[in-house]
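Visitor: Sharing a sequence plus its predicted fold:
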Amino acid sequence: LGRLRARLAKSNSALGRGLLALLSRDTLDEATWEEIEDTLIMADLGVDTAGELVEALRERVRVIGTRDPETVRELLREELIRVVDPSMDRELAVAGPDGEPAVVLVVGVNGSGKTTTVGKIARVLVAEDKDVVLGAADTFRAAASEQLTTWGERVGVETIRGPEGSDPASVAYAAVEAGKGSGADVVLIDTAGRLQNKRGLMDELGKVKRVATRPLSEGHRIDEVLLVLDATTGQNGMKQAQVFAEVVDITGIVLTKLDGTAKGGIVVAVQRELGVPVKLIGLGEGADDLAPFTAEGFVDALLE
Ligand code: GDP
C-alpha cells in the first residue's frame with residue numbers, strides 16, 4: 001500500500017505542490033485565490049466544488065490570521081478531506097448472507113479497465129484467503145474471456161466462461177452456480193461494455209443481473225455492482241457513468257488509471273455527482289496496482 005500511495009502521490013504531486021506553493025505566497029490576494037480555484041478546476045474537481053472549497057479555505061485562513069505554512073497546509077488538508085467526504089468511505093462487500101457467495105457484477109465501457117480490475121480484485125481476495133470464482137460474461141469479444149481466464153490462472157482461481165457470442169446472462173448464472181456449489185466467498189462477474197444505447201444496455205445488464213441471482217436464496221440479490229471508470233476520460237467518463245447509473249443500481253465505483261493523470265479531482269466529482277462511493281482505485285496495469293479508497297488516504301497522498 002505504501003508503494004501505491006507513492007505512485008498516486010507521484011501522479012498528483014504537481015497538484016498538491018501547486019496548491020501549497022500558491023498558498024504560501026507573500027500576499028494571498030484575489031488573483032491568487034482565483035489561481036487556486038483554477039488549479040482545482042483543472043484537476044477535474046468540478047467548478048462548484050472548487051468554488052466551495054476555496055471559499056471555505058479562504059474564510060478559515062482569514063479567521064486564523066496566520067500564514068504559517070504548516071498551519072495552511074493542515075487547513076488545506078482538512079478542507080480537501082471534507083470535500084472528498086469521509087462519510088462516503090465504503091469497503092467492498094465480500095460476504096453474502098448465510099454463507100452464500102457475495103456476487104459482484106463489474107460493469108463499464110470497453111477499455112475502462114474492467115477485466116484488469118476483476119483480476120486485481122481476485123488477487124486481493126485470494127491474498128485474504130477468500131475463495132473466488134470468476135465469470136466471463138463479456139461473451140461478445142473472445143479476447144475478453146481469454147484475458148479473464150489468463151487472470152484467473154495467474155491468480156489461481158476458476159474462471160467460468162461460455163463460447164463466443166453465447167448469452168452473457170447464462171455465463172453469469174453458471175458462475176454463480178459454480179461459486180455456490182464450491183462454497184466460494186465471492187463470485188466476480190465481468191460484463192460486456194458495449195455502450196450501444198441505453199435501452200440495449202439496460203436489457204443486457206438487467207438480464208445478467210436477474211439471471212445471475214437465480215441460484216441464490218430468496219432475498220439475496222447482487223451484493224455489489226461496481227462501475228469501472230477510466231479517470232483519464234474526465235467529463236466524458238462522467239457522462240458514461242451517468243448512463244450506467246440510470247440503467248443499474250451502482251453500489252461502488254472503481255476509478256482506474258489514476259496513475260496516468262494529475263486530475264485526481266475526478267474522484268470528488270464522481271462521488272458527488274453520482275452519489276456513489278469510490279471504493280477502489282487503480283494505479284497501474286500490474287496485479288497489485290489496486291488500492292482501497294479513503295478520503296484521508298487519498299488527500300494525504302495528494303499532499304505528500
Ligand atoms: P476492459 O475492456 O474494460 O476490460 O479493459 P481492460 O481491463 O482490458 O484494460 C484496458 C487497458 O487499460 C489495458 O491495457 C490495461 O492494462 C489498462 N489498465 C487497466 N487498469 C489500469 C490502471 O489502473 N492503470 C493503468 N495505467 N492502466 C490500466
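Guide: Cool, the structure landed. Numbers count the residues shown, from 1 in each chain.
Visitor: distance of Glu55 from Asp89?
Guide: Noted for Glu55: a distance of 24 Å to Asp89, by Cβ to Cβ, to the nearest Å. Where you see a C-beta, it was placed from the backbone N, CA and C, and this is true even at glycine.
Visitor: Of those two, which one has the most company?
Guide: Higher neighbour count among Glu55 and Asp89: Asp89, with 17 against 13, using other Cβ atoms under 10 Å.
Visitor: Contact distance from the ligand - what residues of the stretch 151-300 of the chain qualify?
Guide: When proximity is defined by Cβ under 6 Å from any ligand atom, the stretch 151-300 of the chain lies next to the ligand at 193, 256-257, 259-260, 282-285, 289.
Visitor: Can you name the residue of the protein nearest to the ligand?
Guide: Distances between the chain and the ligand by Cβ to the nearest ligand atom are smallest at Gly282, namely 2.6 Å.
Visitor: my read: that residue touches Phe293, true?
Guide: No: shown here, Gly282 and Phe293 do not form a contact pair, counting by Cβ atoms under 8 Å, at 10.3 Å.
Visitor: Common neighbours of those two, please.
Guide: Common neighbours of Gly282 and Phe293 (criterion: Cβ atoms under 8 Å, 6 or more residues apart in numbering): Leu255.
Visitor: how about the residue of the chain closest to the ligand, phi and psi?
Guide: The phi/psi pair for Gly282 (degrees, to the nearest 10) reads phi -100, psi 130.
Visitor: Arg141 too?
Guide: The phi/psi pair for Arg141 (degrees, to the nearest 10) is phi -120, psi 120.
Visitor: contacting residues around it?
Guide: Per Cβ under 8 Å, 6+ apart, neighbours of Arg141: 110, 164, 192.
Visitor: what pLDDT does it get?
Guide: Looking at Arg141, its pLDDT stands at 82.
Visitor: how close does it get to Val243?
Guide: In terms of Cβ to Cβ, Arg141 sits 20 Å off from Val243.
Visitor: you'd agree Ala291 is up against Leu8?
Guide: Yes: with contact defined as Cβ under 8 Å, Ala291 reaches Leu8; the gap is 7.5 Å.
Visitor: Was I right to think Val157 contacts Val133?
Guide: Yes: here Val157 reaches Val133: they are 6.5 Å apart, a contact under Cβ under 8 Å.
Visitor: okay, the two: which has more neighbours?
Guide: Val133 (27 against 21).
Visitor: and the nearest residue to that one once chain neighbours are set aside, what helix or strand is that in?
Guide: Distances taken as Cβ to Cβ, 6 or more residues apart in numbering put Gly179 closest to Val133, at 4.0 Å, once the chain neighbours are dropped. For Gly179, the host element (DSSP states H and E) is helix 168-181.
Visitor: Tell me where the model's unsure across the chain.
Guide: 1, 195-196 (pLDDT under 70).
Visitor: beta partners of the most centrally placed residue in it?
Guide: The centre of the chain sits closest to Val254, judged by Cα atoms, centre = their mean, with a distance of 1.6 Å. Beta-bridge pairing of Val254 under DSSP bridges involves Val228, Leu280.
Visitor: Could you double-check that it sits in contact with Leu280?
Guide: Yes: counting by Cβ under 8 Å, Leu280 is a contact partner of Val254 at 4.5 Å.
Visitor: shared neighbours of the two, anything?
Guide: Jointly contacting Val254 and Leu280 under the rule Cβ under 8 Å, 6+ apart are 117, 226.
Visitor: Show me what the longest helix along the chain is packed against.
Guide: Taking DSSP state H as the criterion, the chain has its longest helix at helix 2-23. If you count contacts as 3 or more Cβ pairs under 8 Å, 6 or more residues apart in numbering; DSSP states H and E, helix 2-23 packs onto helix 30-42, helix 69-84, strand 290-292, helix 295-302.
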